[in-house]
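Peer 1: Need a 3D model of the following:
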Amino acid sequence: MALNNASNLPTIQRVKYEDYKDAPPWFGQFLNTLNLFMTAIYNIVNRGITYSNLAVIAPISFQYTPGSTIDFSFGNPISIAPTNVVVGNVYINGNLTSHPASAVSLFWHYSQGRIVVDSILGLTNGIAYVISVQVS
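Peer 2: Sure thing, here's the model as predicted:
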């Protein structure tokens, strides 16, 4: 889902060294670096901002068995403390087309570099599930 782009971006996307005739030679290298950054940002904004460029990573999967899984946690897959863990797909282990009958909610906290799952509501005790989550 992309956010609407109503920014009317300028057509000029680069800063040219030639436009600064009195600039010292090191300024050209600075502009090269600046232009790399500006091009990346311009392309993100021009194409729409999506989850893929908002620091959300590809889903990770893990097996969770309600009632028998105690102190369940997994490593933080991003370089900063997570603020959001979103449940993606949930299915019974070994059966990709068998899903829980009710909505699934995951409750968690962050401790010592790990995402600790406090509880997952909507699952049946004793059944092993594969859960995909996105962490941001």
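Peer 1: pull the helix or strand with minimum mean pLDDT from this structure.
Peer 2: Of all helical and strand segments in the chain, the minimum by mean pLDDT, DSSP states H and E falls on strand 60-64, at a mean of 69.
Peer 1: next SSE after that one?
Peer 2: Moving toward the C-terminus from strand 60-64, the next helix or strand (DSSP states H and E) is strand 73-75.
Peer 1: which secondary structure elements does that next one contact?
Peer 2: For strand 73-75, the helices and strands in contact under the criterion 3 or more CB pairs under 8 Å, 6 or more residues apart in numbering; DSSP states H and E are strand 114-121. C-beta coordinates here come from the backbone N, C-alpha and C atoms, glycine included.
Peer 1: so what strands line up beside the strand it packs on?
Peer 2: strand 73-75 (antiparallel), strand 105-111 (antiparallel) (DSSP bridges).
Peer 1: What lies in contact with the longest one?
Peer 2: Put plainly, it is strand 105-111. Around strand 105-111, the neighbours that count as contacts under CB atoms under 8 Å, 6 or more residues apart in numbering are 73, 76, 81-82, 85, 87, 115-122, 131, 133.
Peer 1: ok, now the shortest one?
Peer 2: Judged by CB under 8 Å, 6+ apart, the contacts made with strand 73-75 from elsewhere in the structure are 60, 62, 111, 113-117.
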